[in-house]
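>>> next input, structure requested:
(one chain, ligands or ions: 1)
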Amino acid sequence: MSNKKITKLLKKNGLRLDNRKFDELRSIKMEIGVLEKANGSAYIEWGKNKIIAAIYGPREVHPRRLSLTDKALVRCRYHMTPFSTDERKRPAPSRREVELSKVIAAAVEPIIFTEFYPRTGIDIFIEVLESDGGTRCAALTVTSLALADAGIPLKDLVAACATGKIDGKIVLDMNGIEDQLGEADLPIAITPRNKEITLLQMDGTFTQEEFKKALNLAIEGCEKIYDIQKEALRKEYMIIKEETEKIEEE
Ligand code: ADP
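Residues are numbered from 1 along each chain as shown. Here you go, the predicted structure:
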């Protein structure tokens with residue numbers, strides 16, 4: 001890859017290679033209701049990541065023996081398209097994709113009133129169209145919008161963001177090259193209203209002090225993500241409201 005020659009991730013002026021400050025997010029755009037056939041959907045562009053989430057359900061579970069008598073079964077398939085990386089990714093599900101599918105389902109389940117829908121299934125499909133570091137956080141963030149779009153009763157949203165260590169400095173929201181060459185990575189997901197952590201993973205090493213700093217910075221990042229999610233929801237429901245009023249007038 002072309003990243004071979006890069007040895008330093010911070011410039012002399014303290015900025016990162018993409019000119020961000022240590023606590024700056026990449027640019028983020030979210031759109032709700034992008035697919036016709038799914039019960040709910042949303043799309044996110046987070047830096048160079050492009051990810052779509054589709055929700056089916058609550059619906060009958062196949063195979064039926066997997067259904068739960070007291071709540072809905074929440075399943076997720078996280079998939080990276082073969083054209084989502086620099087080098088063609090093999091289409092078969094990798095161990096990483098299996099792991100991410102599992103952790104994403106576990107991290108969003110706490111916000112769903114699953115007990116309202118016993119014996120049914122809620123299926124989450126995530127397609128990573130382009131990736132550049134931080135796809136699990138972007139996928140979690142867009143999934144909670146797609147769940148809202150599906151009209152599934154939610155207790156909260158899930159907002160996710162990672163922090164990490166590059167050239168010895170704690171930074172927010174690492175991009176692909178920072179993720180690849182950095183010293184540590186700490187993706188987290190929170191329910192912003194209840195302040196519950198539903199995902200916390202760690203790669204690399206932090207001192208205790210660094211860990212605290214990275215965790216606090218990640219929580220601040222999640223709060224910024226939550227603001228963007230709320231804005232996307234407001235925008236979508238304004239459009240729906242305007243369309244409904246127009247139909248009523250006709
Ligand atoms: P995350 O995307 O949540 O940061 P990782 O830390 O596992 O997850 O991956 C970091 C980045 O590495 C991904 O966003 C993607 O750009 C790249 N990547 C992951 N898997 C592959 C792969 N099989 N081939 C090429 N690049 C990959």
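
>>> tell me what the longest helix along the chain is packed against?
For the chain, the longest helix by residue count, based on DSSP state H, is helix 208-249. Where contact means 3 or more C-beta pairs under 8 Å, 6 or more residues apart in numbering; DSSP states H and E, helix 208-249 is packed against strand 28-32, helix 135-149, strand 159-166, strand 169-172, strand 184-191. (Glycine included, C-beta is placed from N, CA and C.)

>>> could you give the angle of the second one to helix 208-249?
Per axes from the mean of the first three to the mean of the last three C-alpha atoms, to 10 degrees, the angle that helix 135-149 makes with helix 208-249 is 30 degrees.

>>> avg pLDDT for helix 135-149?
Averaging pLDDT along helix 135-149 yields 98.

>>> quick one: is that helix near the ligand?
Yes: using C-beta under 6 Å from any ligand atom, helix 135-149 reaches the ligand at 135-136.

>>> now that helix - C-alpha only, CSV.
Output in CSV follows, covering the C-alpha atoms of helix 135-149 (Å, rounded to 0.1, in the frame of the first residue of the first chain):
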residue,chain,number,x,y,z
THR,A,135,-16.4,1.4,10.4
ARG,A,136,-17.8,-0.4,13.5
CYS,A,137,-18.5,3.0,15.1
ALA,A,138,-20.1,4.4,12.0
ALA,A,139,-22.1,1.2,11.5
LEU,A,140,-23.5,1.4,15.0
THR,A,141,-24.3,5.1,14.7
VAL,A,142,-26.2,4.6,11.4
THR,A,143,-27.9,1.4,12.7
SER,A,144,-29.7,3.3,15.4
LEU,A,145,-31.0,5.8,12.9
ALA,A,146,-32.2,2.9,10.7
LEU,A,147,-34.0,1.3,13.7
ALA,A,148,-35.7,4.6,14.3
ASP,A,149,-36.7,4.8,10.6
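
>>> OK, contacts around A138?
The neighbourhood of A138, defined by C-beta atoms under 8 Å, 6 or more residues apart in numbering, consists of 44, 46, 49, 51, 160.

>>> can you lay out the helices and strands packed on helix 208-249 as CSV showing distance to Q208?
Putting the helices and strands packed on helix 208-249 into CSV (distance: least, C-beta to C-beta, whole Å) gives the following:
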stretch, distance to Q208
strand 28-32, 31
helix 135-149, 23
strand 159-166, 13
strand 169-172, 13
strand 184-191, 13
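
>>> and I197, helix, strand or coil?
Here I197 is strand, with the state taken from DSSP: H, G, I helix; E, B strand; the rest coil.

>>> can you give me the distance of P91 to G133?
Per C-beta to C-beta, to the nearest Å, P91 is found 21 Å from G133.
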